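[1] Got a predicted structure plus its sequence, pasted below:
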Protein chains: 4
Amino acid sequence: MLRVGVIGYGYWGPNLVRNFMETPGATVGAVSDLRPARLAECQARYPSVRVSTDFETLIQDPTLDAILVSTPVSTHFALAMAAIEAGKHVLVEKPLTTTSEDARRLIDAADKKGVVLMVDHTFVYTGAVRKMRELVEAGDLGQVYYYDSMRVNLGLFQHDVNVIWDLAVHDLAIMHYVLGAKPYAVSATGRSHVGNQPENIAYMTFMFPGGLIGHINVNWLAPLKVRRTMIGGSTKMIVYDDMEPSEKIKIYDKGILVGNGPESVYKLLVSYRSGDMWAPNLDRTEALRLEAMEFMRCITTGDKSLTSGEVGLHVVELLEAATASMKQQGTLVEIGAGKAAVTV
Amino acid sequence: MLRVGVIGYGYWGPNLVRNFMETPGATVGAVSDLRPARLAECQARYPSVRVSTDFETLIQDPTLDAILVSTPVSTHFALAMAAIEAGKHVLVEKPLTTTSEDARRLIDAADKKGVVLMVDHTFVYTGAVRKMRELVEAGDLGQVYYYDSMRVNLGLFQHDVNVIWDLAVHDLAIMHYVLGAKPYAVSATGRSHVGNQPENIAYMTFMFPGGLIGHINVNWLAPLKVRRTMIGGSTKMIVYDDMEPSEKIKIYDKGILVGNGPESVYKLLVSYRSGDMWAPNLDRTEALRLEAMEFMRCITTGDKSLTSGEVGLHVVELLEAATASMKQQGTLVEIGAGKAAVTV
Amino acid sequence: MLRVGVIGYGYWGPNLVRNFMETPGATVGAVSDLRPARLAECQARYPSVRVSTDFETLIQDPTLDAILVSTPVSTHFALAMAAIEAGKHVLVEKPLTTTSEDARRLIDAADKKGVVLMVDHTFVYTGAVRKMRELVEAGDLGQVYYYDSMRVNLGLFQHDVNVIWDLAVHDLAIMHYVLGAKPYAVSATGRSHVGNQPENIAYMTFMFPGGLIGHINVNWLAPLKVRRTMIGGSTKMIVYDDMEPSEKIKIYDKGILVGNGPESVYKLLVSYRSGDMWAPNLDRTEALRLEAMEFMRCITTGDKSLTSGEVGLHVVELLEAATASMKQQGTLVEIGAGKAAVTV
Amino acid sequence: MLRVGVIGYGYWGPNLVRNFMETPGATVGAVSDLRPARLAECQARYPSVRVSTDFETLIQDPTLDAILVSTPVSTHFALAMAAIEAGKHVLVEKPLTTTSEDARRLIDAADKKGVVLMVDHTFVYTGAVRKMRELVEAGDLGQVYYYDSMRVNLGLFQHDVNVIWDLAVHDLAIMHYVLGAKPYAVSATGRSHVGNQPENIAYMTFMFPGGLIGHINVNWLAPLKVRRTMIGGSTKMIVYDDMEPSEKIKIYDKGILVGNGPESVYKLLVSYRSGDMWAPNLDRTEALRLEAMEFMRCITTGDKSLTSGEVGLHVVELLEAATASMKQQGTLVEIGAGKAAVTV
């Protein structure tokens, strides 16, 4: 039986508690939050869970095997590091940390202590995203040409992070998992429209080796809620619309045919192919349930999880590089060079 | 009675002929095209129109007052210049020319000859675009924050121009007209996925003075046809969906409220406002009909048209700068500096 | 403080408990259900609530002021009657009873005892339905011509009632509230496609005085979930789409103009008017919360509620008449004559 | 070479002329219309076509092999009969005639003269409808349970026919072709909302042997244009949305599973199955082109066409019976008994 402690019972914490309570083989032993009212609510719902306003009591609690961190991002590093050093397995909300340097330190510390470090990239565990991964991996799309995502709504302005760290982090985690490829550079632009606040609109283009291009459009100030990704390949294309109640993934058997006859100089050689569309039935298991099971599996086997600390680090590097490029109004920034570029 | 000659009877030419035939006060006197089959089709439909495979006969025809150019973009400059020099008023399909230098020479020549030079930015004459202009001009949106457009489909690959010159030209003409403002710089990225062909995917961010930002996403390789623009302002926002059969323009009375109490350091001061949505009834007059009337009006009055040569030049400058930035993978390029940057 | 007891903790009961727990001035004292597992779940969530497998203990509990009945419809009458006779106010899930005779007996009993009898027609308390009522009442639609609703999905087959009693009951409650008018007759058709089960598809047309017509299409065997109602009037029309996440109500300023010139015999005199569309911002207060408040208000004031026993009786009469007409394959059945027709 | 004459050059006539001009093996020799202005328009577009205000000249023209009738429905019978008696093949716009008796007389006359009589049920020749027929015929849907169609819009009121004869005629032609089955009775309701005009709203339920049920909802006074049909079967279901620009047909692998365990009295035995959705690529050949080819084929082979006079008669019988039932407010009327019921 895996006994976890949850630090942070705000927006996301209750989902973590519910899932670890309901997943066979796991249970929640304790929850901490700075706000007594939140703890009272937790206690009312789960009388068996111990609560505390002091996260230290969880970290030092010898009956807990793992710590789940669902607090503001600026506190992730310190809390996760303390838990690792206390020998606990750790699952941290996204993004893993505010800098790639911090992420690397967590990975190193977890390796040294022999504990599991995992980041809560929830979307990776949805039926829709797993189906896209499956299709891309099996080569169903042919050569993948582009990944283009729009994630906009009238959203809660964050004071400590820009819209990239808040919204695009989801797309980056999905893009990394689905494509199984890493971009080498990014060009990003954006604007802030409220006083001294961080950027509330941003556009990013990620460059991959071999012609693949990724584009992400995020916006806290949109009149509609849009959650739509298109993935284009040489033989098939995917539209993933997370606002659809049921058919979230549609696969279009559409593409182009490129000819190369001798008349190529004068004649148009690109023609179009239009075939069936197909919306596969998707697994509707709650993503957090599968994520809890993956966390338990990795603790048992020692495997790196689908959303390991290394994956969390990669996403933080993308966020850093995008933010750096945005500050330079679109100048291409190499991934990994982001941190340096920001601090210069 | 305005008598026009139409050079080029391909995809768009028949629409020009039909509209100038049906607009009171105008008529089509002659049509030229290099393909006899196209001319036969024209003649069958309009027995009164003279046809020729030689455009020169139209340009030299003293009974014609104006020339409409609807040929491939690489021929626009030469044909329009010849017509201007022959003292004809000229209406040229978009984009006006392939370089801003050529556009400037056309403007100068038309001024010298005292003839009207107009570019066929058709969308500017639609009820939907005119309504957006009206709303922005009246200040209904408050301060305009962003213009974000997506124009993608499985489209005809062009061999001589990239997707920016083919698709984004529409958005740039609309953006210029609706916002009534000019960007000072652009960051653009894109990729080609077919051999030695021009880019088939492109993303552009235009920077305007005062925080306004414009973004355009164009793609010839998309599984869906999307024609959607969002315009966000401080008090209202617009969604313009040209794929909708009737309610193409929706105005959302939504936005944010920014507070500035003393507790501002600790408390979230940005709150949300959600009001009614409204879809105004739009004028359904065919855009080309209004454009034909605008052309006639300017010939009579000597006024600069809504889509004058100067507007055509501005759009060509935006296209040049975007293409230049795309070649530099997103590096910000100032508008007007595009041509130089490309040729260096 | 109103103390309620809830009989039945199945699908809907938890919503009742949550809302009466959270509405100021009300609380839940006790819950009964035949299934101990359901009671355990209730207790875990609400440790202060007493639970019992015996509904009698609630009905006889002198500390409870009211009983909420959320059990299968066949038990509504007996449970509500017992509660009324014990002097409790009663709120019953829809439909109120399985026969109009039973509904009348409940109304009489409640009147005699001086307690409130209310039926849980939840939709009547939603922002969307209240807005439609407001528009119709204010005359904004002009003369109302028709009410046309489709409520279909791949739904849970009920064994004891046909699809009319399960799905159309919602539409009948909404139609009655919004139109403020009572039909005098109904023609209904339907079919069962599973063994000896009740009808799983049904179509009803309700006839109102003065040309108004109401149509309801319900189906448990549809591939899509559709929840759409159109209301047409002489000056405006409404589309109510409950599947829309935000703009559930759209008002179209569309209609016809009827001329009456002397040439009326030969010329078409009906022309069309197309104006703006408008989606009013809707109150998003949870419907059950407003319903709980309405229940409390009526207990205090003695007023008949918006969804009084009398309204519940009317809806049951419509259900009876529709079922009777369906058995006669569409023959018109007068409302109120339904019961007789069925039993003959 | 088939030479046709077209009587009536109003809304639909130009489509007939264009298709018979462009179909290899056919041509249009002459066109008649009572309005000289319409004929002038025809002549301008097709200088080779002879025009006349007198339909008799077409019927007596020995160079014409066939007559296409696209005039108001009240004139169909007289014109088609005259053409048949002159030995011409005849294609008549839908509905074939205003009474089943007239339709029978046309069939008999055509048989006697050995000419082809065909009705222009255009939808039957669309890729979408042919695909549905193919799926139903192949048994892909399992047992077909229902056909449910909605065809509403803000439409042109007809003065001589009610909305059933104008709009539902399309659905009846499609339903007959797709299901390959004939209903035995109909229950219909409707209302007129404009003076002494025919009904502008109607609802029809058609009863087929073996549990199959068909429902059609037509309305000239709707704020939205809806063209949607659902066909439900025991193993698959179809949604046909003619307003969709591309995926008009969607096939849902959804349905119910009916168990029959011993606990059947107490337990719910109907469970749900949800599988993939699939939108087949459809043939986009213009329907009228295929119809012209079918007309030519039947003239050559003597075969009965897909939309023969007999099919036209069947549809008229359905229209008669539905109108008769509507006059009796929903009373079931047997197909074939409609005419009698109306005249009594």
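    Structure received.
[2] Helices of chain A, residue ranges please.
    Taking DSSP state H as the test, the helices found in chain A are A:13-22, A:36-45, A:55-59, A:76-85, A:100-113, A:127-137, A:163, A:169-179, A:287-301, A:309-327, A:338-343.
[3] Tell me which other helices or strands the longest one touches.
    Packed against helix A:309-327, as judged by 3 or more C-beta pairs under 8 Å, 6 or more residues apart in numbering or on different chains; DSSP states H and E, are the following elements: helix A:100-113, strand A:117-120, helix A:169-179, strand A:185-191, strand A:201-207, strand A:333-334, helix A:338-343. From N, CA and C alone the C-beta is placed, and that goes for glycine too.
[4] Return the longest strand along chain A as PDB; C-alpha atoms alone will do.
    When secondary structure is assigned using DSSP state E, the longest strand within chain A turns out to be strand A:221-233. What follows is strand A:221-233 as a C-alpha-only set of coordinates in PDB (Å, rounded to 0.1, in the frame of the first residue of the first chain):
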ATOM      1  CA  LEU A 221      -8.000  37.300 -23.200                       C
ATOM      2  CA  ALA A 222     -10.100  35.500 -25.800                       C
ATOM      3  CA  PRO A 223     -13.900  35.600 -26.100                       C
ATOM      4  CA  LEU A 224     -14.100  31.900 -26.900                       C
ATOM      5  CA  LYS A 225     -12.600  28.900 -25.300                       C
ATOM      6  CA  VAL A 226     -10.600  27.100 -28.000                       C
ATOM      7  CA  ARG A 227      -8.600  23.900 -27.400                       C
ATOM      8  CA  ARG A 228      -7.700  22.700 -30.800                       C
ATOM      9  CA  THR A 229      -4.600  21.000 -32.200                       C
ATOM     10  CA  MET A 230      -3.900  20.000 -35.800                       C
ATOM     11  CA  ILE A 231      -1.200  17.600 -36.600                       C
ATOM     12  CA  GLY A 232      -0.400  17.300 -40.300                       C
ATOM     13  CA  GLY A 233       1.500  14.400 -41.900                       C
END
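[5] name the helices or strands packed onto that strand?
    helix A:127-137, strand A:144-154, helix A:169-179, strand A:237-241, strand B:144-154, strand B:221-233, strand B:237-241, strand B:249-258.
[6] Report the angle between that strand and strand B:144-154.
    20 degrees (axes from the mean of the first three to the mean of the last three C-alpha atoms, to 10 degrees).
[7] tell me which residues in strand A:221-233 are buried?
    Residues of strand A:221-233 classed as buried by neighbour count (16 or more other C-beta atoms under 10 Å in any protein chain shown): A:221-224, A:226-233.
[8] Reformat those residues as CSV; add pLDDT.
    Formatted as CSV, those follow (pLDDT from 0 to 100):
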residue, pLDDT
A:Leu221, 94
A:Ala222, 95
A:Pro223, 94
A:Leu224, 94
A:Val226, 97
A:Arg227, 97
A:Arg228, 98
A:Thr229, 98
A:Met230, 98
A:Ile231, 98
A:Gly232, 97
A:Gly233, 96
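[9] Go through those residues and say which is closest to chain B.
    Closest approach to chain B among the buried residues of strand A:221-233 (C-beta to the nearest C-beta): A:Pro223, at 3.8 Å.
[10] That closest one against B:Asp253, yeah?
    No. Counting by C-beta atoms under 8 Å, A:Pro223 stays clear of B:Asp253, with 9.2 Å between them.
[11] Residue numbers of the stretch 201-344 of chain A in contact with chain D?
    For the stretch 201-344 of chain A, the contact set with chain D under C-beta under 8 Å from any C-beta of the partner chain comprises A:247, A:253, A:274-281.
[12] Most neighbours among those residues, which one is it?
    A:Met277 (23 neighbours; other C-beta atoms under 10 Å in any protein chain shown).
[13] Grab the nearest non-local neighbour of that residue.
    Leaving aside its sequence neighbours, A:Met277 sits nearest to D:Ala279 (C-beta to C-beta, 6 or more residues apart in numbering or on different chains; 4.0 Å).
[14] so what's the one you found up against?
    D:Ala279 makes contact with A:276-279, D:247, D:249-251, according to C-beta atoms under 8 Å, 6 or more residues apart in numbering or on different chains.
[15] So which of these is the closest to chain C?
    Nearest to chain C among those, with distances taken as C-beta to the nearest C-beta, is D:Lys250, at 7.9 Å.
[16] Name whatever forms a beta bridge with that closest one.
    Assessed by DSSP bridges, D:Lys250 has beta-bridge partners D:Val239.
[17] next one: A:Ala185
    The partner residues for A:Ala185, given DSSP bridges, come to A:Met207, A:Glu334.
[18] From B:Pro198, how far off is it?
    According to C-beta to C-beta, to the nearest Å, A:Ala185 and B:Pro198 sit 22 Å apart.
[19] Then A:Ser274?
    Taken as C-beta to C-beta, the span from A:Ser274 to B:Pro198 is 23 Å.
[20] So which residues on the stretch 101-250 of chain A come close to chain B?
    Within the stretch 101-250 of chain A, the residues that sit near chain B (C-beta under 8 Å from any C-beta) are A:145-146, A:148, A:150, A:152, A:154, A:156-157, A:159, A:185, A:187, A:189-195, A:197, A:201, A:203, A:205, A:207, A:211, A:213, A:215, A:217, A:219, A:221-224, A:230, A:232, A:234, A:237-239, A:250.
[21] Weed out the non-buried ones from the residues you listed.
    Among these, the ones that count as buried by 16+ other C-beta under 10 Å are A:145-146, A:148, A:150, A:152, A:154, A:157, A:159, A:185, A:187, A:189-194, A:197, A:201, A:203, A:205, A:207, A:213, A:215, A:217, A:219, A:221-224, A:230, A:232, A:234, A:237-239, A:250.
[22] Using CSV, lay out the helices and strands packed on helix A:309-327 together with distance to C:Leu91 and mean pLDDT.
    Formatted as CSV, the helices and strands packed on helix A:309-327 follow (distance: least, C-beta to C-beta, whole Å; pLDDT from 0 to 100):
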stretch, distance to C:Leu91, mean pLDDT
helix A:100-113, 54, 98
strand A:117-120, 42, 98
helix A:169-179, 42, 98
strand A:185-191, 52, 98
strand A:201-207, 48, 98
strand A:333-334, 62, 97
helix A:338-343, 60, 44
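[23] Ok, which of these comes nearest B:Glu22?
    Nearest to B:Glu22, of all those, is strand A:201-207, at 42.6 Å by C-beta to C-beta.
[24] thought A:Leu58 was touching A:Tyr9?
    No. Using C-beta under 8 Å, A:Leu58 is not in contact with A:Tyr9; the gap is 11.7 Å.
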